[in-house]
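Peer 1: Below are the sequence and a predicted model for it; my questions follow.
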Amino acid sequence: MAAEKKTGTDILFKIGNQVVAGQTDVSFSVSAQEIEISSKDTDYWAEYLPGRADATVSGSGIIMFDEETDTFETTQKAIFTAITTRQVLDVEIAFTDDLVFSGRGFFTSYGGSAPDNAPTSFEWTVRITEGLTLEEGA
């Protein structure tokens, strides 16, 4: 059986259970600090131990107004309120219903752009705190 390939369209960022409306891109990065433990006794190659890990999630989207559902406006208000009141929120990156990274994080940036003759867009970054967990087969 051939492996199923995914497009980015299927990968969504959520705040709690709410998908961030108008997403066009979502990226995440998990990294570990490195602690150098080389000494005068170390040969040619440096020696390291793994340190603390951290993660960020960032994304962008197109501003789409929907007077019937008000989804975009609600999402944008939630992001603005979260960043200005220092809220730590439950967040998810859902690859499929069965493969979800979840954690808690706070917005470190939020902004937008309104160019001439082009879509109005927004972008954001979330710093993960307390770590990410991988939920398989949810």
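Peer 2: Perfect, I can see it now.
Peer 1: now what about stretch 29-42, what contacts it?
Peer 2: With contacts defined as Cβ atoms under 8 Å, 6 or more residues apart in numbering, stretch 29-42 is touched by 46-56, 132. All C-beta atoms are positioned from the backbone trio N, CA, C, and that covers glycine.
Peer 1: Now do the helices in this structure.
Peer 2: Ranges of helices in the chain, per DSSP state H, are 71-84.
Peer 1: Just the buried ones from the contacts of stretch 29-42, in ChimeraX syntax?
Peer 2: For the buried members of the contacts of stretch 29-42, the matching ChimeraX selection, counting by 16 or more other Cβ atoms under 10 Å, is:
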select :55,132
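Peer 1: Would you point out which residue is most central in this structure?
Peer 2: Nearest to the mean C-alpha position of the chain, counting by Cα atoms, centre = their mean, stands Val57 at 2.2 Å.
Peer 1: Give the burial count for the nearest residue to Ile93 once chain neighbours are set aside, as a bare number.
Peer 2: Of all residues not flanking Ile93 in the chain, Phe101 sits nearest, at 4.5 Å (Cβ to Cβ, 6 or more residues apart in numbering). Using other Cβ atoms under 10 Å, Phe101 has 19 other residues around it.
Peer 1: hang on, Phe101 packs against Thr133?
Peer 2: Yes - between Phe101 and Thr133 there is a contact at 7.2 Å, judged by Cβ atoms under 8 Å.
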